[in-house]
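A.B. asks: Build me a model from this:
(one chain, ligands or ions: 1)
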Amino acid sequence: MQTILRSKTKTVKIDPNGPFTIIGEKINPTGRKKLAAALQEGNFDYVRELASKQIAGGADVLDVNVGVPGLDDVAVLPQVVQMLAEEFDIPLCIDTPNPKALEAALKVAPGRVLVNSVNGEESSLSSVLPLVKEFNTAVIGLVMDENGIPNDPETRCAIAEKIIERAARLGIPIEDIVIDVLVLTVGADSNAAAVTLKTVELVRKNFGVNINLGASNVSFGLPDRDTLNMAFLGLAIHAGASCAITDPTKYTAFLKGCDLLMGRDAYAAKYIKYFRTHPVEEKK
Ligand code: THG
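C.D. replies: Sure, this is the predicted structure:
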């Protein structure tokens, strides 16, 4: 089951059996004062820099989130999307909880975007899914609803099913739904990642859909976040995840390694090509 995304000239296929799709997380001002300030001033130079660094690092798709308290996202989100679409040829993942800002951004986005996100709440289903249909996009479905994020894989899976069914009623095909099984930090609950990994297996087995993770969430508040993020990504890929919102400037090499080890990189061609363009510094 492939989820097709497009920029002006490029196509990205998210595929459970293909190479892992890397969605760059860094255009997101949460916890980043410099980006928040730049967005508030309407200066997009730093956004440009974050986009080009992530693309150079190996991003397949860029997540775009302008969530700063007090910022007029209905105005700013489409401006940032338009700038990115003009200057970079890479599909976008539009990350906003505000359907008005989403609609404004979809009006200016070329190609086929990934909407981030809808969830199992009635208000979300009824405001986001019609936009997904109207603008012919794909969409990330979060396994949470009015009652928050369930603690068990079965209830998370039931929310995934609800999102898939409600989308189908509007004529949105299942391959355009990417289920995000949601990861919370193991700093607060040491069982959190295990529940998410079980949910990956269950959603994959029951529906066969593509599965996404906001992988860097797993390590909030803990030392050496890179170690935890990479360990989690490796386990999630083996469990059936096909894409992640994560940091391509740090994890692309690791993820190319996972593709090769999963049998998704014939003759190690992509792994070798990656290191040809991103040489490892000489070890002293
Ligand atoms: N699922 C979906 N979308 C999402 C998330 C998800 N969007 C937002 C978030 N979660 C994924 N994006 C990030 C972006 C940055 C960080 C974590 C997740 C992060 N930032 C550093 C911090 O806050 O400590 C700061 C910046 C840095 O040092 O680079 O960790 O789960 N569908």
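A.B. asks: which bits of this protein sit near the ligand?
C.D. replies: 25, 28, 31-32, 95, 116-117, 140, 180, 212, 214, 216-217, 245 (C-beta under 6 Å from any ligand atom). In short, each C-beta sits where N, CA and C put it, glycine included.
A.B. asks: quick one: which of these sit in helices?
C.D. replies: Residues of the residues of the chain next to the ligand located in helices (DSSP state H): none.
A.B. asks: of these, closest to the ligand?
C.D. replies: Lowest distance from the ligand to those (C-beta to the nearest ligand atom) belongs to G214, with 2.0 Å.
A.B. asks: which residues touch that closest one?
C.D. replies: 25, 180, 182-183, 244-246 (C-beta atoms under 8 Å, 6 or more residues apart in numbering).
A.B. asks: Any of these buried? List them.
C.D. replies: 25, 180, 182-183, 244-246 (16 or more other C-beta atoms under 10 Å).
A.B. asks: returning to what we had before: as CSV, the contacts of G214 with pLDDT and distance to V12 would be great.
C.D. replies: Output for the contacts of G214, formatted as CSV (pLDDT from 0 to 100; distance: C-beta to C-beta, whole Å):
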residue, pLDDT, distance to V12
E25, 97, 16
D180, 98, 17
L182, 97, 23
V183, 95, 22
A244, 98, 14
I245, 98, 14
T246, 97, 15
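A.B. asks: Can you lay out those residues as JSON lines showing distance to G234?
C.D. replies: Formatted as JSON lines, the contacts of G214 follow (distance: C-beta to C-beta, whole Å):
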{"residue": "E25", "distance to G234": "18"}
{"residue": "D180", "distance to G234": "18"}
{"residue": "L182", "distance to G234": "19"}
{"residue": "V183", "distance to G234": "14"}
{"residue": "A244", "distance to G234": "11"}
{"residue": "I245", "distance to G234": "16"}
{"residue": "T246", "distance to G234": "12"}
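A.B. asks: Now do the strands in the stretch 1-150 of the chain.
C.D. replies: Applying DSSP state E, counting those that start in this stretch to the stretch 1-150 of the chain gives strands spanning 3-6, 11-14, 21-27, 61-64, 92-95, 114-119, 138-142.
A.B. asks: which helices and strands does the fifth one pack with?
C.D. replies: In terms of contacts (3 or more C-beta pairs under 8 Å, 6 or more residues apart in numbering; DSSP states H and E), strand 92-95 is packed against strand 61-64, helix 73-87, helix 99-108, strand 114-119.
A.B. asks: Okay, buried residues for the third one please.
C.D. replies: Neighbour-count burial for helix 99-108, with 16+ other C-beta under 10 Å as criterion, is recorded at 99, 101-106.
A.B. asks: Redo those residues as JSON lines? Include distance to A160 and pLDDT.
C.D. replies: Formatted as JSON lines, those follow (distance: C-beta to C-beta, whole Å; pLDDT from 0 to 100):
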{"residue": "P99", "distance to A160": "21", "pLDDT": "97"}
{"residue": "A101", "distance to A160": "25", "pLDDT": "98"}
{"residue": "L102", "distance to A160": "21", "pLDDT": "98"}
{"residue": "E103", "distance to A160": "25", "pLDDT": "98"}
{"residue": "A104", "distance to A160": "28", "pLDDT": "98"}
{"residue": "A105", "distance to A160": "25", "pLDDT": "98"}
{"residue": "L106", "distance to A160": "23", "pLDDT": "98"}
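A.B. asks: ok, those vs the ligand, which is closest?
C.D. replies: Nearest to the ligand among those is L102, at 13.3 Å by C-beta to the nearest ligand atom.
A.B. asks: got a list of what the closest residue to that closest one other than its chain neighbours touches?
C.D. replies: Spatial nearest neighbour of L102, excluding adjacent residues (C-beta to C-beta, 6 or more residues apart in numbering): T96 at 5.3 Å. T96 makes contact with 65-67, 73, 77, 102, 105, 116 under the criterion C-beta under 8 Å, 6+ apart.
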